[in-house]
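Engineer: For reference, the sequence and a predicted model appear below.
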Amino acid sequence: MTTNYTIKTLPDLEQVAPGRSGCDGCGAVMAARWISKITGQSTIMVNATGCMCVNYGYAGAPLHPYIHSLFENTGSILSGIDAGLRALGKRREVNLVGLAGDGGTVDIGFQSLSGAVERQHRFLYVCYDNEGYMNTGGQRSGATPYGSNTATTPVGSEQQGEGLSLLRRKNMVLVMAAHGIPYAATASIAYPLDFMNKVKKAIEIDGPTYLHVLAPCPTSWGFASEESVKIGKLAVETRFAPLYEVEQGKKIVLDRRRSKGTPIIEYLKAQKRFSHLLKPENQHRVDEIQSQIDESWRYLESLAQE
């Protein structure tokens, strides 16, 4: 049984070098720091093209082996490394980790990831979800929230978000759980101990595991860089990004204490990307978002009771 870390028992190891080139307050950099603190130096990381291949792979100078993959083939490279380590009889000696943004996970890289978990390769795949293609200007991805203003779904005077931003985002944790993998979970940079203990739990499992981490982006979401943790907490508290785990594809454990149901307007009004929704004529959009969140939470609760 996994023993959880506490503040006192966390490893002292730091593998993210100071002076990296990411934006101030970048949630994805925080995620990479905490992943590598737990997985240690006996780690091989495969990192898809995106913000973190610049912030972590090059400027971050990790102390463990690191491979920069293309957008689409992180899962394939993880598969090959897992197979190679097994052939050499060294699989148990290495923590194999995939790190990719939502664009490289829910969109471009989904096919290779799905195939890798179907074949039951052993690795931890972490999606740092900043809800768009932030490395190239903030375009919409399959994880972009309903009603969000993005570079490819702009809000204008004539069109108040009546574009692709009105599509609902994919729930990648449930998609991955549907593959029947041993462990899938959500996490947030606002709750580092919860996040790191989930990393520890995942890497100890002999099989494919998946973590979906909300990583607030001050630059594209539109909030002050020192408020990343605050935004992360609001996302959890409003159930916009609830914390839960799925074991063996079906057993769901919900964190009801942190995901307590604060009204979604508190989350929306803290970010410029949703500022158009605060106009009186767009109140129906806010109501729709709240309704979607309530519906998703009820669905999770129904699964948790089975």
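Structural biologist: Received the coordinates, thanks.

Engineer: And the next helix or strand past the host helix or strand of A100?
Structural biologist: In the assignment (DSSP states H and E), A100 maps to strand 95-101. Sequence-wise, the next helix or strand downstream of strand 95-101 (DSSP H and E) is helix 110-118.

Engineer: any residues touching that following helix, and which ones?
Structural biologist: For helix 110-118, contacts defined as C-beta atoms under 8 Å, 6 or more residues apart in numbering pick out 72-76, 78-79, 98, 105, 123, 125, 176, 179, 181, 208, 210. All C-beta spots, glycine's among them, are computed from the backbone N, C-alpha and C.

Engineer: thinking again about what came up before, can you tell me what sits against the strand holding A100?
Structural biologist: Contacts for strand 95-101 (C-beta under 8 Å, 6+ apart): 28, 32, 35, 39-40, 42-48, 50-52, 56, 74-75, 78, 81-82, 85, 109, 113, 122-130, 133-135, 203.

Engineer: Stretch 10-19 too?
Structural biologist: Stretch 10-19 is contacted from outside by 29, 32-33, 36-38, 40-41, 56, 59-64, 196, using C-beta under 8 Å, 6+ apart.

Engineer: Just flag the most distant two among these.
Structural biologist: Maximum pairwise distance among these (C-beta to C-beta): 22.6 Å, between A59 and M196.

Engineer: the more surrounded of the two?
Structural biologist: Using other C-beta atoms under 10 Å as the criterion, A59 and M196 rank with M196 on top: 21 against 15.

Engineer: Buried only: go through the contacts of strand 95-101 for me.
Structural biologist: 28, 32, 35, 39, 43-48, 50-52, 56, 74-75, 78, 81-82, 85, 109, 113, 122-130, 133-135, 203 (16 or more other C-beta atoms under 10 Å).

Engineer: quick one: which of those residues sit in helices?
Structural biologist: Under the assignment DSSP state H, the buried ones among the contacts of strand 95-101 contribute 28, 32, 35, 39, 51-52, 74-75, 78, 81-82, 85, 113, 203 to helices.

Engineer: These into CSV, with extra columns for pLDDT?
Structural biologist: Shown next, in CSV, are those (pLDDT from 0 to 100):
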residue, pLDDT
A28, 92
A32, 91
I35, 95
T39, 96
C51, 88
M52, 86
T74, 97
G75, 98
L78, 98
I81, 98
D82, 98
L85, 97
L113, 98
I203, 97
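
Engineer: quick check, nearest of those to K233?
Structural biologist: A28 (17.0 Å).

Engineer: right, and that closest one touches E131 too?
Structural biologist: No - taking C-beta atoms under 8 Å as the definition, A28 is not a contact partner of E131, at 11.3 Å.

Engineer: Common neighbours of the two, please.
Structural biologist: What both A28 and E131 touch, as defined by C-beta under 8 Å, 6+ apart, is the set C217.

Engineer: returning to that earlier point: ok, so of the contacts of stretch 10-19, who is nearest E288?
Structural biologist: V29 (32.9 Å).

Engineer: And for the closest one, the neighbour number?
Structural biologist: Other residues close to V29 by other C-beta under 10 Å number 25.

Engineer: likewise E295?
Structural biologist: Residues near E295, counting by other C-beta under 10 Å: 10.

Engineer: and if you look at G115?
Structural biologist: Residues near G115, counting by other C-beta under 10 Å: 13.

Engineer: So for it, what's the pLDDT?
Structural biologist: In the predicted model, G115 carries a pLDDT score of 98.

Engineer: R20 too?
Structural biologist: 62.

Engineer: Equivalent analysis for the one 3 residues further on, please.
Structural biologist: The predicted local distance difference test score for C23 is 87.
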